[in-house]
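[1] Give the three-dimensional model of this entry:
(chains A and B)
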There are 2 protein chains.
Amino acid sequence: MDGFAAIGTSGGRAERLRMRQGLFTGPTSGLAPGNVQANLVILPKDLANDFLRFAQANPRPCPVLGVTEAGEPHLPMLGEDLDLRTDLPRYRVWRHGELIDEPTDISQLWRDDLVGFAIGCSFSFEEALIENGIEVRHIACGCNVPMYRTNVDCVPAGVFHGKLVVSMRPMRPADAIRAVQITSRFPSVHGAPVHIGLPALIGIKDIAKPDYGDAVPVGEDELPVFWACGVTPQSVIASVKPAFCITHAPGSMLITDLRNARLAAL
Amino acid sequence: MDGFAAIGTSGGRAERLRMRQGLFTGPTSGLAPGNVQANLVILPKDLANDFLRFAQANPRPCPVLGVTEAGEPHLPMLGEDLDLRTDLPRYRVWRHGELIDEPTDISQLWRDDLVGFAIGCSFSFEEALIENGIEVRHIACGCNVPMYRTNVDCVPAGVFHGKLVVSMRPMRPADAIRAVQITSRFPSVHGAPVHIGLPALIGIKDIAKPDYGDAVPVGEDELPVFWACGVTPQSVIASVKPAFCITHAPGSMLITDLRNARLAAL
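    From the prediction side, this is the model:
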């Protein structure tokens, strides 16, 4: 995808260089404030074609910010000099669905048939929520966002199929309405909520027991608000158990040069 | 207010001429489809100044589409040849808060100090909801929209003060989210919902017992969605009991030449 030709500050590149040099291997939350951070998926070309069709059919959980040519580790539309082999703090390497390594550099694993996908992440819209004075509960609590596997099927494509995973942020009703407005402006980072207020309708039995991440308190005066989650493609890929696959390590995202504000559709 | 220079079809004028000639005296729902219909309030100049400040401070319940000069019964920005004295099917005349007449023409009552206000009405956004395939329950049921007096204070201005009145439309969660998006585009006809899902928080004790209009069923899989309602200014004016005031008769609105679609802010 092009259309994000909005290269921003050099803060993103400075962080990537630190990581490329092996000087930073931790979680990226809070780094290069205002810059877009992205999920990374790297797949062999044959699976990559199916995966791109899957993402196209499921843009809410899989908003693609950039795709490389096969064998090409750079994504210039997302960042000057950006190299997917070295610029993330930590990776996960999967073989046949099994996690076999968590390196800080994948140069030795790179192949001519690999395709990299940068997928939008909720960090971008959470920044916009906070700027609007809306508390993002898991950030206030200092924990992971709670995520739930729903009973909603993604649109299948090729070998890829599975259930939608959602993240949840509890909000008072007026804030929930404002949050719909704010996140609707950001279709490339999950967009508007997919559900609000009635978790059982999407197969969530107990809001206090997320399938991923951490539980957060939901007040009597609050509604749970659900967004399509970038864990969906990871979960879908895991179930396919590809012979070879590389992803970012949880929380250790790809930092781009794009500015969150420039992702706003309007 | 100008800014709505989007005069549309002549359907509005044709309807107004029928009413001017006394050929139609009923409710306007369904007439001149796609045209904006408006609430009408006519007040003496001294009260009108306070009322305009009240409306400015409370744009969600009181979205002003047009205001006349004192003594001027025309609103050319809302319709060619539009005459507030003759062009509504039926009026209500109030003295000291008491309804004293329901004429079909107020030419004999017009005075040099009267100021007319055209105030946006939810008909406009309901059309947009229906075009999006969202059921508007009270329309489907063939009854009035349910309305509730909340415990939320409007911002007072001069003699005008009172509680916010809201209308309610039940929707499934995904439709409620879409309805936030749709109605956010229409700030001049009440805009986004003001509340969703937890009626007790705004002082509504029993959703089955509206204070105005008719109750409608709310499904187990639905949330009540609340919009600021144009009954708010009527209720606020009624409580002030002005010496003299004219409004439209309920359901007998001012039909303008504006197109609903042209009210969309984006």
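[2] Show me what from the stretch 151-266 of chain A comes close to chain B.
    Within the stretch 151-266 of chain A, the positions near chain B by C-beta under 8 Å from any C-beta of the partner chain are A:172-174, A:176-177, A:180-181, A:184, A:192-198, A:201, A:221, A:223, A:266. From N, CA and C alone the C-beta is placed, and that goes for glycine too.
[3] quick one: contacts for the residue of the stretch 1-150 of chain A found nearest chain B?
    Per C-beta to the nearest C-beta, A:Arg60 is where the stretch 1-150 of chain A lies closest to chain B, at 11.2 Å. Listed by C-beta atoms under 8 Å, 6 or more residues apart in numbering or on different chains, the contact set of A:Arg60 reads A:164, A:190-191, A:194, A:228.
[4] distance of the nearest residue to A:Lys209 once chain neighbours are set aside from chain B?
    Using C-beta to C-beta, 6 or more residues apart in numbering or on different chains and skipping the chain neighbours, the partner closest in space to A:Lys209 is A:Ala215 (6.8 Å). Look at A:Ala215 and chain B: by C-beta to the nearest C-beta, to the nearest Å, they are 21 Å apart.
[5] The closest residue to A:Pro210 other than its chain neighbours: neighbour count?
    Residue nearest to A:Pro210 in three dimensions, not counting chain neighbours: A:Pro146, with 3.7 Å by C-beta to C-beta, 6+ apart. Number of residues near A:Pro146 (other C-beta atoms under 10 Å in any protein chain shown) recorded here: 26.
[6] what about the helices in the stretch 51-200 of chain A?
    Using DSSP state H, counting those that start in this stretch, the helices of the stretch 51-200 of chain A run over A:123-131, A:137-141, A:173-184.
[7] Is it possible to get TSV of those that adds mean neighbour count and mean pLDDT?
    As requested, the helices of the stretch 51-200 of chain A are exported to TSV (neighbours: other C-beta atoms under 10 Å in any protein chain shown; pLDDT from 0 to 100):
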stretch	mean neighbour count	mean pLDDT
helix A:123-131	20	93
helix A:137-141	16	94
helix A:173-184	22	97
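[8] any chance of these in CSV, with distance to B:Val41 too?
    Listed next are the helices of the stretch 51-200 of chain A as CSV, based on distance: least, C-beta to C-beta, whole Å:
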stretch, distance to B:Val41
helix A:123-131, 38
helix A:137-141, 43
helix A:173-184, 27
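[9] Now do the closest residue to A:Met171 other than its chain neighbours, the pLDDT please.
    Closest residue to A:Met171 apart from its sequence neighbours, by C-beta to C-beta, 6+ apart: A:Val225 at 5.4 Å. Each residue has a pLDDT score; the one for A:Val225 is 98.
[10] partners of the host helix or strand of A:Val225, with directions?
    Secondary structure from DSSP states H and E places A:Val225 in strand A:223-228. Strand A:223-228 has the following sheet partners, assigned by DSSP bridges: strand A:163-171 (antiparallel), strand A:195-196 (antiparallel).
[11] quick one: the longest one to helix A:123-131, angle?
    Think strand A:163-171. In terms of direction (axes from the mean of the first three to the mean of the last three C-alpha atoms, to 10 degrees), strand A:163-171 departs from helix A:123-131 by 10 degrees.
[12] how far out from the middle of the chain is strand A:163-171?
    Relative to its parent chain, strand A:163-171 has a centroid offset of 13 Å by C-alpha atoms, centre = their mean, to the nearest Å.
[13] Ok, stretch A:204-212 next?
    With C-alpha atoms, centre = their mean, you get 20 Å for stretch A:204-212.
[14] Show the average pLDDT along that stretch.
    Throughout stretch A:204-212, pLDDT has a mean value of 96.
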